[in-house]
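**Student:** compute the structure for the input listed below.
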Amino acid sequence: MAETHVLFVEDDDVIREATQLALERDGFVVTAMPDGLAGLEAFRANRPDIALLDVMVPGLDGVSLCRRIRDESTVPVIMLSARADSIDVVLGLEAGADDYVTKPFDGAVLVARIRAVLRRFGHASGPDRNGGGAAEADAPAEAVLRFGDLEVDTEGMEVRKGGEPVALTPTEMRLLLEFSDAPGTVLSRDRLLERVWDYGWGGDTRVVDVHVQRLRGKIGQDRIETVRGFGYKLRG
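**Tutor:** Numbering: from 1, shown residues only. Alright, predicted model coming up:
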């Protein structure tokens with residue numbers, strides 16, 4: 001199995017070195033950089049499998065670096081923030097980050113979150129739509145789902161709106177597939193965290209809310225309806 005390459009951008013020398021050692025002990029190859037500009041150079045030179053970006057780094061802050069990476073790639077990004085209630089968390093998610101971890105963090109927790117994100121990206125086609133086995137051959141699922149002017153190709157992993165392609169990140173694609181599996185059904189934030197983000201232990205629902213907003217901006221604001229107090233549903 002190929003080694004997983006992690007880009008880690010953190011300006012605190014102690015945290016950077018300790019985290020790099022912890023990740024390397026778990027089998028990751030780590031490129032650690034002390035500022036955002038060096039991080040962007042390293043990203044372009046090495047094309048890592050995942051990026052860990054501290055929000056507050058010099059040169060080019062983590063949120064801006066995330067935007068630059070997202071302009072060039074769909075590589076998964078995890079933001080590191082010193083405060084769980086910081087506006088920087090939301091800004092990072094709006095910039096295209098897939099998840100965030102609050103500092104100080106336990107090394108084992110960080111590794112678990114990294115592996116969860118990598119699992120999602122390694123299976124960007126989303127949950128098994130057919131259930132597997134012989135039944136798949138007898139009753140194949142419909143490959144292209146249509147919701148008004150929105151088309152979701154579940155085999156080609158492509159989305160079109162009004163016949164025009166829509167560029168989604170893997171996390172956005174998984175979120176849309178989850179909605180597409182149950183159009184008209186209200187999906188709670190906790191269910192979406194578990195199914196899309198692989199959070200078996202709960203999590204921050206802001207991750208869901210921001211990604212729903214990003215998805216709405218791409219497929220249409222009225223396509224996903226908010227059901228206050230319960231969650232979201234896809235309009236058929």
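**Student:** please point out which parts of the helix or strand hosting Leu118 sit buried.
**Tutor:** Using DSSP states H and E, Leu118 maps to helix 107-122. Within helix 107-122, the residues that count as buried by 16 or more other Cβ atoms under 10 Å are 110-111, 113-118, 120-121. For every residue, glycine as well, the C-beta is placed using N, CA and C.
**Student:** please state the backbone phi and psi of the residue nearest the centre of the chain?
**Tutor:** Geometric centre of the chain, nearest residue: Asp98, 2.8 Å, by Cα atoms, centre = their mean. Taking degrees, to the nearest 10, you get phi -90, psi -20 for the backbone angles of Asp98.
**Student:** and the gap between Gln213 and Ile78?
**Tutor:** Counting by Cβ to Cβ, to the nearest Å, the gap between Gln213 and Ile78 amounts to 19 Å.
**Student:** quick revisit: the helix holding Leu118 - contacts with which helices or strands?
**Tutor:** Under the contact definition 3 or more Cβ pairs under 8 Å, 6 or more residues apart in numbering; DSSP states H and E, helix 107-122 sits against helix 13-25, strand 50-54, strand 77-81, strand 99-102, helix 170-181.
**Student:** try 7 Å this time
**Tutor:** Counting contacts by 3 or more Cβ pairs under 7 Å, 6 or more residues apart in numbering; DSSP states H and E, helix 107-122 packs against strand 50-54, strand 77-81, strand 99-102, helix 170-181.
**Student:** now name the helix or strand holding Thr226.
**Tutor:** Secondary structure assignment for Thr226, by DSSP H and E: strand 224-227.
**Student:** list of residues touching that strand?
**Tutor:** Identification of contacts with strand 224-227 by Cβ atoms under 7 Å, 6 or more residues apart in numbering yields 179, 186, 212, 215-216, 232-235.
**Student:** same question for it: list its buried residues.
**Tutor:** For strand 224-227, by 16+ other Cβ under 10 Å, it's Ile224.
**Student:** strand partners of it, parallel vs antiparallel please.
**Tutor:** Strand 224-227 sits in its sheet next to strand 231-234 (antiparallel), going by DSSP bridges.
**Student:** angle of the helix holding Leu118 against helix 13-25?
**Tutor:** 60 degrees (axes from the mean of the first three to the mean of the last three Cα atoms, to 10 degrees).
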